[in-house]
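A.B. asks: fold the following for me, if possible:
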Amino acid sequence: MFLIADGKVGEGPEEAHVDVLIGDKDGAVGYGFAAAMANPSPGHVPLLAVLEPNLQTKPATLLVPKIAIKNLRQADLAFGPVQAAIARAVADSVEEGTVPKDKVEDVVMVCCFFVHPKAEDKEKIYAWNYEAMKLAIKRAFLKEPSIDTVLKQKDELSRPAFKT
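C.D. replies: Numbering: from 1, shown residues only. Modelled structure (predicted):
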C-alpha cells in the first residue's frame, strides 16, 4: 500500500495544510519514516504523533515540518496543538473505520505540516489541523481526487500557484 493525499482547512496564519503518505512499514513509506527519524535536519526535526506522553497513536505517525522551525514559539505550536490535533485525527480515523483497525500495526503515516511564522491562535491551529488531517486520511484511502476530477477542474482553479 502506498497512499498520498493532502488536506487544507482554514485561512490566514492559522491555516492548516498537511500532506500525508500512508504505506506499509516494510515498504517505501516505512523506510522513509525510519530514515527521517534517523536523519533529522535542522529546523525540520520529525516528531511522533502522541495523544499524550507514552500514548503514541496507531498507526505510528511521523510529523515533519514543511518549513524550518526557527524559535521556541513555533516549536510550542508544533509540539502542542499541531501534534495533538494530528494524533487525535489519526486515532479518530481508526475509530471511525477510515483506517482499517486490522492494519494499524502494518502501516505507518508521514505527515508534513505547516505552521505559519505569524500563527498565534492555538484553538484554530488545533481545530484546523485536526480537520485537515482527517480530510487527508479520508482522501488517501478514497484515492481522491480522481484523475477525471483533476482533468475537469485543472482549468478552473480558484487558487492557482501560477497562471499563464
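
A.B. asks: buried residues, the longest helix along the chain. List them.
C.D. replies: In the chain, taking DSSP state H as the definition, the longest helix is helix 122-142. Neighbour-count burial for helix 122-142 flags 124-141 (criterion: 16 or more other CB atoms under 10 Å). (C-beta placed from N, C-alpha, C; glycine too.)

A.B. asks: so what does that helix touch, helix or strand wise?
C.D. replies: Applying 3 or more CB pairs under 8 Å, 6 or more residues apart in numbering; DSSP states H and E, we find helix 122-142 packed against strand 2-9, strand 16-24, helix 83-95, strand 107-113.

A.B. asks: now with 10 Å?
C.D. replies: Helices and strands touching helix 122-142, by 3 or more CB pairs under 10 Å, 6 or more residues apart in numbering; DSSP states H and E, are strand 2-9, strand 16-24, strand 60-65, helix 72-77, helix 83-95, strand 107-113.

A.B. asks: adjacent strands (with direction) for the last one?
C.D. replies: Right, the one you point to is strand 107-113. Here strand 107-113 has these sheet partners by DSSP bridges: strand 16-24 (antiparallel), strand 60-65 (parallel).

A.B. asks: for stretch 48-66, measure first residue to last.
C.D. replies: 15 Å (CA to CA, to the nearest Å).

A.B. asks: gap between that stretch and the chain center?
C.D. replies: 11 Å (CA atoms, centre = their mean, to the nearest Å).

A.B. asks: please apply the same query to stretch 30-44.
C.D. replies: Stretch 30-44 sits 15 Å away from the centroid of its parent chain (CA atoms, centre = their mean).
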